[in-house]
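Novice: what's the 3D shape of this:
(2 chains)
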Amino acid sequence: GEDVEQSLFLSVREGDSSVINCTYTDSSSTYLYWYKQEPGAGLQLLTYIFSNMDMKQDQRLTVLLNKKDKHLSLRIADTQTGDSAIYFCAERFEGGGNKLTFGTGTQLKVEL
Amino acid sequence: NAGVTQTPKFRVLKTGQSMTLLCAQDMNHEYMYWYRQDPGMGLRLIHYSVGEGTTAKGEVPDGYNVSRLKKQNFLLGLESAAPSQTSVYFCASQPTANTGELFFGEGSRLTVL
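Specialist: Residues are numbered from 1 along each chain as shown, chains lettered A, B, ... in the order given. From the prediction side, this is the model:
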């Protein structure tokens, strides 16, 4: 079955770059996603990447996909205190319908 | 802009009690999902629906039932609550054919004593 792994915590200083990593096991992934969850709220889609791409940039966010190693990363440039949240990666795989499998989530703490 | 609305937002139950969580979406989405979120375990899919009148089991369906009598509503029921069902429950909806974006409700925190 599919499995998505993330480290649980990351702490960075304001203004530095943050890199959140994710590994997945299903090689038939079609789309991979990054969601953000702020305290007391539901998840919101940050960005996604199609599996035939290896990079996507969206303002301060850069997504890198290494299909060979089944590794996905999210880089946040110039991290701000408002970026403090839990970040989930998720995959949608061929044969899974529209269902998404989520990782365990990485709690990002931004310190002054 | 209501989006996805969950009720209630908080509930405390005693072991063995029953309750229903309601999810309503006003975006005419076909797909709806119920997830539970537990520390260190991410989101796990309980049940889902691909359209009105349909339901299917997810990763952790035991102890839960669902119904989708109307397209806009997806109900999650606990017939006999157990402490292991203490969790935060999230409902999400999704259009039929898109890049897979899920739209989430704000969550319902359930405590079973």
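
Novice: count of neighbours near A:D16?
Specialist: Counted with other CB atoms under 10 Å in any protein chain shown, the burial measure for A:D16 works out to 13 neighbours. (Each C-beta comes from the backbone N, C-alpha and C, glycine too.)

Novice: ok, now which ones touch the residue nearest to it when sequence neighbours are not counted?
Specialist: Ranked by CB to CB, 6 or more residues apart in numbering or on different chains and with sequence neighbours excluded, the top spatial neighbour of A:D16 is A:T79, at 5.8 Å. With contacts defined as CB atoms under 8 Å, 6 or more residues apart in numbering or on different chains, A:T79 is in contact with A:12-18, A:108, A:110.

Novice: cool, and B:T15?
Specialist: Contacts here follow CB under 8 Å, 6+ apart; on that basis B:T15 touches B:81-83, B:112-113.

Novice: for chain B, what lies in contact range of chain A?
Specialist: With CB under 8 Å from any CB of the partner chain as the criterion, chain B meets chain A at residues B:4, B:31, B:33, B:35, B:40-45, B:48, B:50, B:58, B:90, B:92, B:94, B:96, B:99-102, B:104-107.

Novice: quick revisit: now the residue nearest to A:D16: how far from A:L112?
Specialist: 11 Å (CB to CB, to the nearest Å).

Novice: scan the contacts of B:T15 and report the most crowded one.
Specialist: Of all the contacts of B:T15, the most densely surrounded is B:A81 (21 neighbours; neighbours counted as other CB under 10 Å).
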